[in-house]
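J.: coords please:
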Amino acid sequence: MKQVPPGEAVARKYPEWIVMVVANDEQGRPNVMPAGWGMICSGQPLYVAVSIAYTRYTYKCIHATGEYVFAWAGEGQEELVAQAGSTHGGEIDKFREFAIPCSDPVAIRVPLLSGAAANLECKVVHEYESGDHAIFIGEVVAAHVPEIPIRPIVNFDGNYAVAEPASR
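T.: Residues are numbered from 1 along each chain as shown. As a prediction, the model looks like this:
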């Protein structure tokens, strides 16, 4: 092993799961952003965590409403990931602008992303300061998968691929 600058080591994290975070603003208008920093952080109860910069519109939405959808982006959502990640939800209505298909939630007020590999409805149980980001811990209060399974996609530093198991 050799010592390198931390940024060089972190750049080797790819591929990473693409989490799409959906949250409503205080008026009930949904917003979506891709996040590379999301994970399951407890099995019992089931909690998921997402780290979002304080400067992001999605941070303001989750902080104000206390709920969000944590969805693993699915095959066919590559363009949505790029569009949602390159626009600001405070300036445009991404759901209208990009004609994002969604489904009704059952436990919270935030819409589910149709076409995602899975959707988890979350209620915030903790918010932690973490440098230039906040970490939201959400309890999963409902989970949804498509009738016909959709493979998740992963990010290779701006290039996307379908996550597939190794051949057996």
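J.: close enough to count as contact, A116 and E75?
T.: No. Using C-beta atoms under 8 Å, A116 is not in contact with E75; the gap is 10.1 Å. All C-beta atoms are positioned from the backbone trio N, CA, C, and that covers glycine.
J.: overlap in contacts, the two.
T.: Residues touching both A116 and E75 (C-beta atoms under 8 Å, 6 or more residues apart in numbering) are I150.
J.: of those two, who's got more company?
T.: More crowded of A116 and E75, by other C-beta atoms under 10 Å: A116, with 29 against 17.
J.: where does pLDDT dip in this protein?
T.: For the chain, applying pLDDT under 70 flags the ranges 165-168.
J.: now the strands for it?
T.: 16-17, 19-24, 30-35, 38-43, 46-53, 67-72, 102-103, 112-113, 118-130, 133-144, 153-156, 159-162 (DSSP state E).
J.: highest mean neighbour count out of those strands?
T.: strand 19-24 (a mean of 27; mean count of other C-beta atoms under 10 Å).
J.: now it against strand 118-130, angle please.
T.: 80 degrees (axes from the mean of the first three to the mean of the last three C-alpha atoms, to 10 degrees).
J.: what about Y14, neighbour count?
T.: Neighbours of Y14 (other C-beta under 10 Å): 13.
J.: quick one: it and D157 touch, right?
T.: Yes. Under the criterion of C-beta under 8 Å, Y14 makes contact with D157 at 5.2 Å.
J.: ok so, going back, TSV please, covering the strands of the chain and showing distance to T87.
T.: TSV is the format used below for the strands of the chain (distance: least, C-beta to C-beta, whole Å):
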stretch	distance to T87
strand 16-17	21
strand 19-24	14
strand 30-35	9
strand 38-43	20
strand 46-53	15
strand 67-72	18
strand 102-103	17
strand 112-113	16
strand 118-130	21
strand 133-144	20
strand 153-156	17
strand 159-162	17
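J.: quick one: which of those is nearest E91?
T.: E91 sits nearest to strand 30-35 of all those, at 10.5 Å, using C-beta to C-beta.
J.: so which elements touch that closest one?
T.: Applying 3 or more C-beta pairs under 8 Å, 6 or more residues apart in numbering; DSSP states H and E, one finds that strand 30-35 makes contact with strand 19-24, strand 46-53, helix 57-65, helix 78-85, helix 94-97.
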